[in-house]
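**Q** The amino acid sequence is not available; the structure is as follows:
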Ligand SMILES: C[S@@+](CC[C@H](N)C(=O)[O-])C[C@H]1O[C@@H](n2cnc3c(N)ncnc32)[C@H](O)[C@@H]1O
């Protein structure tokens with residue numbers, strides 16, 4: 001998430017669970033089933049209701065990382081280490097995580113987290129980690145089956161306290177005692193949280209200190225109903241490798257009495273804080289951050305090291321919340337691109353320039369595009385910070401930018417895209433097709449929009465070859481995916497089409513192959529249909545099909561007839577592909 005991060009739970013809805021597509025095998029349903037089995041039927045409805053929420057508002061970080069590591073190590077030097085880690089991590093991760101998941105509390109049928117149900121952020125918390133990975137793998141496989149092969153999910157060695165960004169909402173009880181926590185699912189009621197199993201522990205500690213300091217500094221927490229009070233949210237970001245910590249105090253008004261003393265007292269207790277910022281958000285919306293900021297202490301940003309490169313991160317810029325898995329993710333994405341050093345690469349939706357800068361050592365030239373101004377500023381600084389001179393960053397809508405490039409007759413060899421959960425756009429994908437890169441590497445945190453976009457890519461001549469699920473969000477229903485697409489050689493297409501006895505004249509002339517019709521029906525109606533049924537429906541609709549195709553082999557052979565529901569679905573597909 002970026003500055004547009006929403007504070008309300010509504011913003012975190014689970015898109016896998018929201019759409020009707022793929023409805024028969026939903027992750028949330030499985031989570032519910034698991035909960036039902038574990039804690040009895042009564043809690044089943046409750047758990048399901050909570051598990052429908054996405055966990056967007058969960059922000060945090062892992063404190064157990066060696067700080068102060070030097071930034072001069074290059075990506076290449078770390079490759080062997082990564083390869084080893086990603087292979088071993090899976091086995092070790094499953095074992096360690098399971099030990100924790102089957103802690104005494106879980107065995108006693110109590111959740112590991114006291115606010116598990118109310119918070120709803122960790123939908124899978126009480127499921128053994130191994131099962132979580134299996135579930136996510138299955139879900140992804142179902143979604144990506146029509147497009148590509150999926151490698152085994154890469155899980156974490158230690159799937160707890162991984163979030164390097166923590167957000168706490170501040171509120172008070174009837175007596176005016178301050179507390180902090182998260183919004184209850186689908187509401188603006190604050191559930192008190194003092195520690196969280198997926199958030200950085202140091203960040204939780206700092207938030208606890210802030211809570212404890214409010215009374216003595218006479219700072220009142222903001223009341224959403226009356227509009228009185230000052231402190232609304234606290235956002236903490238921690239550099240996983242550097243240990244640098246940013247504290248953002250989100251206030252309803254710019255007037256923050258004793259702010260310098262407050263920050264000094266906080267730093268006395270937590271000298272590891274390297275920067276403190278006041279963000280002013282007087283709006284009645286569910287956005288956490290407002291536009292105005294004042295740096296109260298330090299540089300106003302933190303730095304962290306990823307893949308051997310140093311990155312500056314501002315409060316409103318996007319930065320992946322799980323740095324351990326992010327290194328694996330970037331490595332997979334860059335490997336998939338198969339760069340040789342001669343390529344012109346586009347890093348679309350580039351954030352602070354992480355993928356592009358890491359990839360720059362293997363490419364001739366990298367062009368990054370990002371909508372968030374602060375992130376673009378960070379990206380430009382990051383290129384300088386790392387002495388990278390073959391990267392340029394632009395602040396623009398990625399779709400518009402690509403369209404302009406295509407219209408100007410530019411070219412690209414490889415396109416990385418890492419859009420927000422809502423996915424990319426037709427405009428963007430159309431422009432990619434015009435720019436004709438040999439490879440497209442799609443990094444996604446929204447599997448459903450990924451599947452939607454892969455279909456669009458396919459129609460424009462890009463075939464998904466291989467995918468990897470990487471668990472960037474243990475305990476939650478989210479998952480990150482990388483898919484590598486290649487531009488189909490038009491000659492290959494003709495060869496393949498002709499060699500498949502599946503095609504008839506009508507199909508070849510009118511856009512959709514039998515496979516595309518089958519995929520469409522499978523995705524939209526969760527039904528498999530045979531070529532025979534498709535040809536029967538086409539024949540019935542007066543569409544010409546090849547004479548020898550699907551005719552009975554002998555005079556008295558009994559040919560199964562397409563059932564009505566499948567006929568309707570096929571007709572819809574033909575309509576969808578403008579064949580009728
Ligand atoms: C999932 S993040 C990925 C960032 C980066 N690739 C990384 O790994 O840190 C998506 C990014 O897309 C940006 N974004 C959202 N909508 C955009 C748009 N229409 N055009 C360009 N960038 C956009 C967001 O600000 C965010 O930085």
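**A** Cool, the structure landed. All values reported here derive from a predicted model rather than from experimental measurement.
**Q** Flag every residue of the stretch 251-400 of the chain that's near the ligand.
**A** Applying C-beta under 6 Å from any ligand atom, we find that the stretch 251-400 of the chain lies next to the ligand at 318-320, 349-351, 354-355, 369-372, 375, 397-398. Where C-beta positions appear, they are placed from N, C-alpha and C, glycine not excepted.
**Q** Could you pick out which of these are located in helices?
**A** 354, 355, 375, 398 (DSSP state H).
**Q** Minimum distance to the ligand, which residue of the stretch 351-500 of the chain gives it?
**A** Residue of the stretch 351-500 of the chain nearest the ligand, by C-beta to the nearest ligand atom: residue 351 (2.8 Å).
**Q** tally of neighbours for the nearest residue to that residue once chain neighbours are set aside?
**A** The spatial neighbour of residue 351 that comes closest, neighbours along the chain excluded (C-beta to C-beta, 6 or more residues apart in numbering), is residue 318 at 4.3 Å. Residues lying near residue 318 (other C-beta atoms under 10 Å) number 24.
**Q** how about the residue of the stretch 351-500 of the chain closest to the ligand, what does it touch?
**A** 2, 317, 318, 319, 370, 372, 375, 379, 418 (C-beta atoms under 8 Å, 6 or more residues apart in numbering).
**Q** I figured the last one hits residue 352, correct?
**A** No: in terms of C-beta atoms under 8 Å, residue 418 does not count as a neighbour of residue 352; the distance is 11.8 Å.
**Q** neighbour count winner among the two?
**A** Per other C-beta under 10 Å, whichever of residue 418 and residue 352 has more neighbours is residue 352, with 31 against 26.
**Q** In which helix or strand does the closest residue in space to the more buried one that isn't next to it in sequence reside?
**A** Using C-beta to C-beta, 6+ apart and skipping the chain neighbours, the partner closest in space to residue 352 is residue 378 (4.0 Å). Secondary structure from DSSP states H and E places residue 378 in helix 373-385.
**Q** tell me the phi and psi of the residue of the stretch 351-500 of the chain closest to the ligand?
**A** Per-residue torsions, residue 351: phi 60, psi -130 (degrees, to the nearest 10).
**Q** Just want the most central residue of the protein.
**A** Geometric centre of the chain, nearest residue: residue 445, 2.0 Å, by C-alpha atoms, centre = their mean.
**Q** That residue and residue 137: what is the separation?
**A** 16 Å (C-beta to C-beta, to the nearest Å).
**Q** Was I right to think residue 276 contacts residue 297?
**A** Yes: the pair residue 276 and residue 297 qualifies as a contact (C-beta under 8 Å) at a distance of 4.2 Å.
**Q** Now for those two: what residues contact both?
**A** With C-beta under 8 Å, 6+ apart as the test, residue 276 and residue 297 both reach 263, 267.
**Q** now the helices for the stretch 101-250 of the chain?
**A** 104-107, 116-119, 129-144, 201-213 (DSSP state H, counting those that start in this stretch).
**Q** Nearest to the ligand, out of these?
**A** helix 129-144 (17.3 Å).
**Q** who does the closest residue to residue 230 other than its chain neighbours bridge with?
**A** Nearest residue to residue 230, sequence neighbours excluded (C-beta to C-beta, 6+ apart): residue 251, at 5.1 Å. The bridge-partner assignment for residue 251, based on DSSP bridges, gives residue 231, residue 280.
**Q** Please name the residues that touch residue 251.
**A** By C-beta under 8 Å, 6+ apart, the contact set of residue 251 is 222, 230, 231, 232, 278, 279, 280, 281.
**Q** So which of those residues is the closest to the ligand?
**A** Distances from the ligand to the contacts of residue 251, taken by C-beta to the nearest ligand atom, are shortest for residue 279, at 17.0 Å.
**Q** Please work out how many residues are found near that closest one.
**A** Residue 279: 21 surrounding residues under other C-beta under 10 Å.
**Q** Cross-check the contact I'm expecting between residue 240 and residue 304.
**A** Yes: using C-beta under 8 Å, residue 240 makes contact with residue 304 at a distance of 5.8 Å.
**Q** Which neighbours do the two have in common?
**A** Jointly contacting residue 240 and residue 304 under the rule C-beta under 8 Å, 6+ apart are 164, 323.
**Q** sorry, back to before: now that we have the ones in helices among the residues of the stretch 251-400 of the chain next to the ligand, can you turn them into TSV and tack on neighbour count and pLDDT?
**A** Output for these, formatted as TSV (neighbours: other C-beta atoms under 10 Å; pLDDT from 0 to 100):
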residue	neighbour count	pLDDT
354	27	98
355	29	98
375	27	98
398	25	98
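**Q** Phi, psi for residue 342 please.
**A** Torsion angles, degrees, to the nearest 10, at residue 342: phi -110, psi 0.
**Q** In contact with it, which residues?
**A** The contact partners of residue 342, by C-beta under 8 Å, 6+ apart, come to 363, 364, 413.
**Q** Residue 393 now?
**A** Contacts of residue 393 by C-beta under 8 Å, 6+ apart are 350, 353, 356, 367, 368, 369, 370, 376, 379, 380, 383.
**Q** Could you turn the buried ones of those into a ChimeraX selection?
**A** Taking 16 or more other C-beta atoms under 10 Å as the burial criterion, the selection of buried members of the contacts of residue 393 in ChimeraX is written as:
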select :350,353,356,367,368,369,370,376,379,380,383
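**Q** Could you work out the most separated pair of the contacts of residue 393?
**A** 369 and 383 (13.9 Å; C-beta to C-beta).
**Q** Now residue 477. Nearest residue, chain neighbours left out?
**A** Excluding its sequence neighbours, the residue lying closest to residue 477 (C-beta to C-beta, 6+ apart) is residue 123, at 4.5 Å.
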